[in-house]
Each structure stands twice: as structure tokens, then as C-alpha cells.
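[1] Could you work out the structure for the sequence below:
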Amino acid sequence: MDIKEKVKEFVTKYIQEDDLGYDVNFFEGGFVNSLFAMQLVMFIEREFEIQVDNSDLNITNFDTINHIVALIEGKKAS
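    Numbering: from 1, shown residues only. Next up, the predicted model:
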């Protein structure tokens, strides 16, 4: 399973949308809250073995599946 599918699988455990698109903003849509954001960061660090730094903690890095994937890929590449 690739990064995008792993992230989508995690997100859809918390968001009950039949067809959650990769560019749907979870926070603007009111689908999630700050507790979800913390769980998401912990999932990313554990699943992809990367460290999310304070400088990464910008809501735009975590508001869509595509943004999350971009963050993970950028962290893994560095």
C-alpha cells in the first residue's frame, strides 16, 4: 500500500464520508477537530518513521490527504 492509500485509510477511520477526495479540506469541512490532528501527527510519525517538527505544525500541511502525503514525502526525501 502506498503512502496516499495508508493516509486515506487512517483518515477515513475518523471521517465518515463515502468518497473522501484527496483534496477535501478536513478542517474547513468541519469533519475533524484538534484531537484528530494530534492523532494524525502520531500516526504519521509512527507509520512512516519520520519526525514532525514544530516548524511542520502548520494546518495547511495536514488539511488534505494530498498535503499530508507531500509533507511525508518531503520529510522522507531529506
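[2] Make sure residue 7 is actually in contact with residue 67.
    No - assessed by CB atoms under 8 Å, residue 7 is found out of contact with residue 67, at 9.9 Å. Every residue, glycine included, has its C-beta placed from N, CA and C.
[3] Quick check on these two: which one has the bigger neighbour count.
    Neighbours were tallied for residue 7 and for residue 67 using other CB atoms under 10 Å; the higher tally belongs to residue 7 (25 against 19).
[4] The more buried one and residue 70, how far apart?
    According to CB to CB, to the nearest Å, residue 7 and residue 70 sit 11 Å apart.
[5] Repeat that for residue 21.
    In terms of CB to CB, residue 21 sits 15 Å off from residue 70.
[6] What of residue 24?
    From residue 24 to residue 70 the distance is 15 Å (CB to CB).
[7] give the contact list for residue 14.
    Residue 14 makes contact with 31, 32, 36, 39, according to CB atoms under 8 Å, 6 or more residues apart in numbering.
[8] Phi first, then psi, for the last one.
    This means residue 39. Torsion angles at residue 39 (phi, psi; degrees, to the nearest 10) stand at phi -60, psi -40.
[9] of residue 24 and residue 70, who's got more company?
    More crowded of residue 24 and residue 70, by other CB under 10 Å: residue 24, with 17 against 13.
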